[in-house]
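A.B. asks: can you look at this prediction? I've put the sequence above it.
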Amino acid sequence: MKKILVTGKNSYIGNKLKNWLGKYPEKYNIETISLRDDGWKSKSFANYDVVFHAAGMAHVKETRNNNDLYFSVNRDLAYEVAKKAKNEGVGQFIFLSSMSVYGIENGVIDNNTHIEPNTAYGQSKIQAESLINKLQNNGFQVVTLRPPMVYGEGCKGNYPKLSKMAVKFPVFPNIENKRSMIFIDNLSAFIQELIDNQSKGLYFPQNEEYVNVSKMVRLISEVHGKPIILTKLFNPLLRLLKTSTMNKVFGSLIYDKNISNSIDQVSFSETIKRTENK
């Protein structure tokens, strides 16, 4: 039986992983721990096979006042947890990083794409990666995950905003874009594989299919019994509004399939039904 410690009691991904692995009580013993105070420092990690570090700061608007907090939480705290795990004999450390380390909002990410984060979130994540990877040796395997947008029931970020629009508005722009995304159950199944195989290295998990946002909104509306009309009438205006928010919704940003780890545990239409709890 594998003993797994998940950091971040309020982590969406961490708690979903716990629920996923909880379906196999004969294979996994999984616990969560909060890092909000220094209590974790006195807890022994010695009996754990895996530490999944999901604790972090995200979905908080960056300001001059909280810039340092991103680095103290996403970089410094992550490194301290990794050092403790290594020193106390944990065999595998899984670090949850992000697609944000590339600092781009449009395009294709492949082996030649430069790391140029343009936010404190992205910068703190890549700096944490660098520090943690230096700890790796034969007895301490480090896994780094750089998932794209993660969605599922109860998720945060852009998906809930799109869901509200799909239910509220009768029309929506018809844009031909592609986005790398990953459904939470697909991600949990992939992490389960990494644990079972005692893997190490850098991974780019994503759904088997790239997602077209307009088609996704239509699926959401259909799940709720509120069909929506997709129109190209707004497209010229959207091309002029090249804001960060517009890029995140209507731009194309994908991982090249030559570097990614595609997972099709659940079909795309089924992921929407599950996310909308229908």
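C.D. replies: Here it is on my side, so go on.

A.B. asks: going forward, measure contacts and count neighbours with C-alpha atoms only.
C.D. replies: OK.

A.B. asks: make sure I have this right: K18 is in a helix.
C.D. replies: Yes - secondary structure assignment (DSSP: H, G, I helix; E, B strand; the rest coil) places K18 inside a helix.

A.B. asks: that one is in contact with I33, isn't it?
C.D. replies: No - because the distance of 11.7 Å does not satisfy Cα atoms under 8 Å, K18 is recorded as not touching I33.

A.B. asks: which of these two has more neighbours?
C.D. replies: A count of neighbours by other Cα atoms under 10 Å puts K18 above the other of K18 and I33, at 19 against 16.

A.B. asks: what's near enough to touch the residue nearest to that one when sequence neighbours are not counted?
C.D. replies: When the adjacent residues along the chain are set aside, K18 lies closest to I30, with 6.4 Å between them (Cα to Cα, 6 or more residues apart in numbering). With contacts taken as Cα atoms under 8 Å, 6 or more residues apart in numbering, I30 has the following neighbours: 3-6, 18, 21-22.

A.B. asks: equivalent analysis for I195, please.
C.D. replies: Residues touching I195, when contacts are defined by Cα under 8 Å, 6+ apart, comprise 50, 92.

A.B. asks: for it, give its distance to K156.
C.D. replies: 26 Å (Cα to Cα, to the nearest Å).

A.B. asks: go on, E222?
C.D. replies: For E222, the distance to K156 (Cα to Cα) stands at 21 Å.

A.B. asks: what does L96 give?
C.D. replies: According to Cα to Cα, L96 stands 16 Å off from K156.

A.B. asks: ok, L230 next?
C.D. replies: With the distance defined as Cα to Cα, L230 ends up 25 Å from K156.

A.B. asks: same question, F234
C.D. replies: Computed with Cα to Cα, the distance linking F234 and K156 is 27 Å.

A.B. asks: pretty sure K273 sits against V223.
C.D. replies: Yes - K273 lies in contact with V223 (Cα under 8 Å); the separation is 6.5 Å.

A.B. asks: would you state the strands of the chain in chain order?
C.D. replies: Secondary structure of the chain (DSSP state E): strands at 2-7, 28-33, 50-53, 92-96, 107-109, 141-145, 149-151, 171-173, 181-183, 201-203, 205-207, 229-231, 253-255, 261-263.

A.B. asks: out of the ones you listed, flag the one nearest A78.
C.D. replies: Taking Cα to Cα as the criterion, strand 50-53 is the member of these that comes nearest to A78, at 7.2 Å.

A.B. asks: give me the contacts around the closest one.
C.D. replies: Identification of contacts with strand 50-53 by Cα under 8 Å, 6+ apart yields 2-8, 14, 78, 85, 90-96, 195.

A.B. asks: go again with 6 Å.
C.D. replies: Defining contact as Cα atoms under 6 Å, 6 or more residues apart in numbering, one finds that strand 50-53 is touched by 4-7, 92-95.

A.B. asks: select from these the one having the most neighbours.
C.D. replies: Within the contacts of strand 50-53, neighbour counts (other Cα under 10 Å) peak at F93, which reaches 30 neighbours.

A.B. asks: for it, which residues make a bridge with it?
C.D. replies: V51, V142 (DSSP bridges).

A.B. asks: how close does it get to G8?
C.D. replies: For F93, the distance to G8 (Cα to Cα) stands at 14 Å.

A.B. asks: before we move on, what about K248?
C.D. replies: When Cα to Cα is applied, the distance between K248 and G8 equals 26 Å.

A.B. asks: neighbour count: the two, which is higher?
C.D. replies: G8 (20 against 15).

A.B. asks: the closest residue to P205 other than its chain neighbours: neighbour count?
C.D. replies: The spatial neighbour of P205 that comes closest, neighbours along the chain excluded (Cα to Cα, 6+ apart), is N261 at 4.6 Å. Counted with other Cα under 10 Å, residues neighbouring N261 total 16.

A.B. asks: T7 pairs with what?
C.D. replies: When bridges are assigned using DSSP bridges, the partners listed for T7 are I33, H53.

A.B. asks: what's the nearest residue to G122 once chain neighbours are set aside in contact with, if anything?
C.D. replies: Spatially, and ignoring its direct neighbours in sequence, G122 is nearest to V101 (4.4 Å; Cα to Cα, 6+ apart). V101 makes contacts with 117, 122, 126, as judged by Cα under 6 Å, 6+ apart.

A.B. asks: the last one - how many residues pack around it?
C.D. replies: In other words, I126. When neighbours are defined as other Cα under 10 Å, I126 has 23 of them.
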